[in-house]
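[1] Starting from these lines, generate the structure:
(one chain, ligands or ions: 1)
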Amino acid sequence: MTASNEYRFQVNLSGMIQILSNHLYSSPKVFLRELMQNATDAITGRAEVEPGFMGNVRVELTGSGEQLTMMVEDNGIGLTEADIHEFLAMIGQSSKRDPQALLQGETSFIGRFGIGLLSCFMVSNEIVMLTQSVKGGPSMEWRGKPDGTYTIRQLDTQLSPGTKVYLRSTPEAAHYFEKEYVQQALFYYGALLPYPVTLHSEGVQSIVNAESPDWLIAPERARGRKSEVLAFGERLLGEKFQDFIPLTTASGRTGGIAYVLPHAVNLNVKRSHRVYLKRMLVSEKAENILPEWAFFVKCLIWTDELQPTASREHFYENEKLEEVRSELGDALRQGLADMAETQTERLQKIIRLHALSMKALAVEDLEFYRMIHRWLPFDSTRGHRELGELLEEQETLYFTTTVDEYRQIHHVASAQSMLVINGGYIYDSSLMESLPMVAENVNTERIEPDEVSMSFTDVPPDERNRYYDALRLADSALQRFRCRAEVKGFKPTDLPVLFTLSQESSTLRALEKASEETTDLFSSVLGSLSSGFGAAGYSTLYLNVNNPVIQRVLTSPDPQMTPIAIEMLYVNALMMGHYPMNRQELEVMNQGIVRFIDWGLQANRKPQEGNE
Ligand SMILES: Nc1ncnc2c1ncn2[C@@H]1O[C@H](COP(=O)(O)OP(=O)(O)OP(=O)(O)O)[C@@H](O)[C@H]1O
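    You can find the predicted model right below:
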């Protein structure tokens, strides 16, 4: 290949600008964040050459209707003509990117990618910048358009050092230029900035960040300022919080406030925390800054050690972030541990609302589990109770590992005062297994439905003989459902039957149900799979000899009646246990109902016929 065959990629500039400005950021509103960040960086840059320099940012709104204009002014480092050509006019070039510093993740600036300014094209068809560098030289004007063209000229008047950016809103973006919106957004992004941010509109001037939440930067101070901290959280995060936990890391370079959510939350809901970098809000939806178990809090975090991605919606998943995440998790855990020692009521309140989050942490951290186990709630045959109460009643806790197993046995187990915990919900069976490691003199044992039948009373042989014929009829009626009948005595007496599935029969039922719903080919594969189950695939229908209906069925003189009654009891037991019924079982139920109605009507008619 010769050199003449080599070409350079061509860039469709306006296409690139379109992509960067419209698709990198999740919403046009971020243009204001990007402008504020540039102003902040410019002030940081000036303070580096003029130690002790005090910056300020001024935002001015003018015009009305569709002619709204915003001006964002800073008294930062400014740009020379050469800077403009090098940094402003070259997309992807940034004055803030010291490669060595970036490599170490250490830079005093927020920006680094050289694209943030493009976000302004989401709300305006032109960016006008007037700037004066602290290094001297003439004041400059730069005008950029989304088609990739720009003009640059020297101004006749000399401005004071700093930069003014002017944007005129497009009709669709006018909302982002209205006073109320801008006031709120400036507070939102700049509430922590250490210099004044003022808004000028309709002849009125106001300082947006007048309240300075110094407790956010030094969170240990937050403890004594509860109402202020809660009010600030409500204003920024939009929820009425009642509790919070201050967070600090060992390095002291990241910290914040974890607000406890005032309502229960779903495990799958993504938590998004607000993160301030160098005191400027950069990320509104940082999901990865706290450990996964911490979904009961919404945090305001500040950091000067993490690196945001270009969209600023996340932070780079690197070792530093891992370290920060684990330290913030430790601080949160420590906050809860302190409550377990000295403020148990406060902790109990949190656990009541956020048991799932607490369980998620307890599964990972046995020491934490030890501290809080007594307040964790579990579903049990004695109701939805705290573990501490249950442990006072019994030293051995039986637990199931699925909700289905629990459903099968809870009637009988509770009637016999047997304490069984429903371990079918997420984390519960793991917590039951590890409970003996954290609580003294406690045993836990997994229980299966078949084992509950051990606590049934056996029927004496002579009584069993009396039921022999009825049981044979029952067995043959249930044969096609792979179920066998068994007589036992159990409480409650008004429960006529109890249906239990072994692990194998449960799998078999699932296979059968699936083969009903799939194609012929697949269903024959499932069919051959299910034929591999032998006697183990049988379920059991326990008939309660203490129940009057069962007594009548077992001693019925009508041999035609017995199988139908047994089949009906079988489908009834399935319904009670919330088992999905297959086609055959549904047919049995329908036919049985019709038959019983018919029987009932005939029985009523007979005496009347006799009277006639
Ligand atoms: N207010 C300002 N004062 C001084 N220089 C500025 C200002 N705004 C922008 N610049 C210059 O323009 C360059 C490009 O800005 P832009 O916002 O596009 O990217 P960035 O801030 O460098 O990086 P990022 O894309 O991460 O925000 C900056 O690197 C800076 O040199």
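[2] show me what contacts the closest residue to Thr396 other than its chain neighbours?
    Spatial nearest neighbour of Thr396, chain neighbours left out: Asn443 (4.5 Å); criterion: CB to CB, 6 or more residues apart in numbering. (Glycine included, C-beta is placed from N, CA and C.) Counting by CB atoms under 8 Å, 6 or more residues apart in numbering, Asn443 makes contact with 395-397, 436.
[3] and the residue lying closest to Val123 once chain neighbours are set aside, what pLDDT?
    Leaving aside its chain neighbours, Val123 sits nearest to Ala173 (3.6 Å; criterion: CB to CB, 6+ apart). Predicted confidence (pLDDT) for Ala173: 92.
[4] Is it correct that Ala173 falls within a helix?
    Yes. Under DSSP: H, G, I helix; E, B strand; the rest coil, Ala173 sits within a helix.
[5] Could you double-check that it sits in contact with Ser124?
    Yes. The pair Ala173 / Ser124 is scored as a contact, 7.1 Å apart, by CB atoms under 8 Å.
[6] Of the two, give the one with the bigger neighbour count.
    It is Ser124, of Ala173 and Ser124, that has more neighbours when counted by other CB atoms under 10 Å, with 23 against 19.
[7] residue contacts, the nearest residue to the more buried one once chain neighbours are set aside?
    Closest residue in space to Ser124, ignoring its immediate chain neighbours: Leu167 at 4.0 Å, by CB to CB, 6+ apart. Counting by CB under 8 Å, 6+ apart, Leu167 touches 31, 69-71, 120, 123-124, 126-128, 177.
[8] What's the mean pLDDT across the strand or helix carrying Leu167?
    Using DSSP states H and E, Leu167 falls within strand 162-169. The average pLDDT within strand 162-169 is 97.
[9] Check stretch 585-594 too.
    What stretch 585-594 shows for mean pLDDT is 88.
[10] go on, stretch 445-455?
    On average, the pLDDT along stretch 445-455 is 77.
[11] contacts for that stretch?
    396-401, 405, 408-409, 412-413, 416, 418, 420, 423, 429, 432-433, 486, 488, 490, 500-503, 540, 542.
[12] repeat for stretch 182-192
    By CB under 8 Å, 6+ apart, stretch 182-192 touches 29, 32-33, 36, 57, 59, 61, 70, 176, 197, 199, 201, 206, 208-209, 211-213, 216-217, 232, 235-236, 276, 279-281, 302.
[13] Any of those residues buried? List them.
    Listed as buried from the contacts of stretch 182-192 are 29, 32-33, 36, 57, 59, 61, 70, 176, 197, 199, 201, 208-209, 213, 216-217, 232, 236, 276, 279-281, 302; burial here means 16 or more other CB atoms under 10 Å.
[14] who in the protein is up against the ligand?
    34, 37-39, 42, 74, 76-79, 87-88, 94-96, 111-117, 163 (CB under 6 Å from any ligand atom).
[15] Show me where the stretch 401-550 of the chain has its helices.
    403-415, 428-438, 449-452, 461-466, 468-478, 503-517, 520-531, 548-554 (DSSP state H, counting those that start in this stretch).
[16] which stretch in those has the least confidence?
    Minimum mean pLDDT among the helices of the stretch 401-550 of the chain: helix 520-531, a mean of 54.
[17] How many residues are close by Gln602?
    Counted with other CB under 10 Å, residues neighbouring Gln602 total 10.
[18] what about it, distance to Arg595?
    Gln602 is 10 Å from Arg595, where distance means CB to CB, to the nearest Å.
[19] Then Phe368?
    Taken as CB to CB, the span from Phe368 to Arg595 is 59 Å.
[20] Looking at those two, which one has more neighbours?
    Phe368 (20 against 14).
[21] check contacts around the more buried one.
    Contacts for Phe368 (CB under 8 Å, 6+ apart) come out as 333, 336-337, 361-362.
[22] what's around the closest residue to Asn547 other than its chain neighbours, how many residues?
    With sequence-adjacent residues excluded and distances taken as CB to CB, 6+ apart, Asn547 is closest to Pro496, at 4.5 Å. By the criterion of other CB under 10 Å, Pro496 has 20 neighbours.
[23] For Ser124, what are phi and psi?
    phi -150, psi 150 (degrees, to the nearest 10).
[24] Same question for the one 4 residues further on.
    Its backbone dihedrals place Val128 at phi -110, psi 130, with angles given as degrees, to the nearest 10.
[25] distance of it from the ligand?
    According to CB to the nearest ligand atom, to the nearest Å, Val128 stands 12 Å off from the ligand.
[26] For the stretch 201-350 of the chain, give the residue positioned nearest to the ligand.
    Nearest residue of the stretch 201-350 of the chain to the ligand, counting by CB to the nearest ligand atom: Ala310, 6.5 Å away.
[27] thinking again about what came up before, okay, the contacts of Leu167 in JSON lines with secondary structure next?
    As requested, the contacts of Leu167 are exported to JSON lines (three-state DSSP):
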{"residue": "Phe31", "secondary structure": "helix"}
{"residue": "Thr69", "secondary structure": "strand"}
{"residue": "Met70", "secondary structure": "strand"}
{"residue": "Met71", "secondary structure": "strand"}
{"residue": "Cys120", "secondary structure": "helix"}
{"residue": "Val123", "secondary structure": "coil"}
{"residue": "Ser124", "secondary structure": "strand"}
{"residue": "Glu126", "secondary structure": "strand"}
{"residue": "Ile127", "secondary structure": "strand"}
{"residue": "Val128", "secondary structure": "strand"}
{"residue": "Phe177", "secondary structure": "helix"}
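[28] In contact with the residue of the stretch 351-500 of the chain found nearest the ligand, which residues?
    Distances between the stretch 351-500 of the chain and the ligand by CB to the nearest ligand atom are smallest at Ser357, namely 34.2 Å. Contact analysis of Ser357 by CB under 8 Å, 6+ apart lists 265, 293-296.
[29] Tell me where the model's unsure across the stretch 1-150 of the chain.
    Residues of the stretch 1-150 of the chain that meet the criterion pLDDT under 70 lie in 1-4, 21, 97-107.
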